[in-house]
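Visitor: Prediction below, plus the sequence it came from.
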Amino acid sequence: MQRGTWLLIAVVLIIFVAHLIRGRFVQPAPDFLFASGPEVRLVEFGQGFCPAGVHQLFDDHRGQNAKSLTVCEDRLQGLLKGLNAALLRHGEKIEIIDVTGQNTELASSWMSAARRISLGIPLHPDRMTLEDWSDLPGIGEKTAAKIEDNRQNNGDFGGLEALQRVRGLGSKRIDQLKKFF
């Protein structure tokens, strides 16, 4: 009995000491992994950029000076002149497009809805394509086509609640979609 008591006390002391010194060895994750706020935006650099992919930019991050914005070919560097990260929007996609074989231009679009959702970037009903709508749960190809047709014929929605003007979309379905917008 006495040996069991000493063993229990030893185990409790070991756990107590381990708990006390645990904080000294645990390092918090770097701040850059959790940066957020209006001054931080996630932008996707696609075709023509090396490396292509999603990059986190800050207001003071000048596009022409950023290592993450390097283009694959030196002749395309001129396109980045004046590109300012503060002008890029959260969820935007930038690509360098070869227009005629000799002329190139910078093209802007939106990341796919699937990518924006995975990155935690809220969607906006006026920045969605037919494919984006189809990818959302509860929205099939027919409903996506109705939504897109309604926007083309009646103008932008302005907000999620305006989707009720699309036949077949009620408040219940819109409530299910709110977590993405």
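Guide: Nice, I can see it.

Visitor: Pull out the buried residues from stretch 136-149.
Guide: 136, 139, 143-144, 146-148 (16 or more other CB atoms under 10 Å). No exception for glycine: its C-beta is placed from N, CA and C like everyone else's.

Visitor: Tell me which of these fall in helices.
Guide: Mapping the buried residues of stretch 136-149 onto helices (DSSP state H) picks out 143-144, 146-148.

Visitor: Using a markdown table, please lay out the residues you listed together with pLDDT and distance to residue 14.
Guide: Shown next, in a markdown table, are those (pLDDT from 0 to 100; distance: CB to CB, whole Å):
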| residue | pLDDT | distance to residue 14 |
| --- | --- | --- |
| 143 | 91 | 60 |
| 144 | 92 | 60 |
| 146 | 93 | 65 |
| 147 | 94 | 61 |
| 148 | 93 | 64 |
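
Visitor: quick one, domains of this structure?
Guide: Under the assignment automatic domain parsing, the domains of the chain span 33-110, 122-180.

Visitor: wait, what's in contact with residue 164?
Guide: 170-171, 174 (CB atoms under 8 Å, 6 or more residues apart in numbering).

Visitor: what about the closest residue to residue 156 other than its chain neighbours, how many neighbours?
Guide: Distances taken as CB to CB, 6 or more residues apart in numbering put residue 126 closest to residue 156, at 4.3 Å, once the chain neighbours are dropped. Residue 126 sits with 12 neighbouring residues when counted by other CB atoms under 10 Å.

Visitor: thinking again about what came up before, out of the domains of the chain, point me to the one whose mean pLDDT is lowest.
Guide: Looking at these, the lowest mean pLDDT belongs to domain 33-110 (a mean of 70).

Visitor: Toward the C-terminus, what is the element adjacent to the lengthiest helix in the chain?
Guide: In the chain, taking DSSP H as the definition, the longest helix is helix 2-25. For helix 2-25, the following helix or strand on the C-terminal side (DSSP states H and E) is strand 40-45.

Visitor: List the strands paired with that following strand, with their directions.
Guide: Applying DSSP bridges, strand 40-45 is found paired with strand 53-58 (antiparallel), strand 92-98 (parallel).

Visitor: So for the shortest one, what gets flagged as buried?
Guide: Residues of strand 53-58 classed as buried: 54-57 (neighbour count, 16+ other CB under 10 Å).

Visitor: ok, those vs residue 132, which is closest?
Guide: residue 54 (16.6 Å; CB to CB).

Visitor: ok, now how distant is the closest one from residue 180?
Guide: Using CB to CB, to the nearest Å, we find residue 54 at a distance of 18 Å from residue 180.

Visitor: on that earlier part again, could you list which of the contacts of residue 164 belong to helices?
Guide: Short answer: the contacts of residue 164 in helices (DSSP H) are 171, 174.
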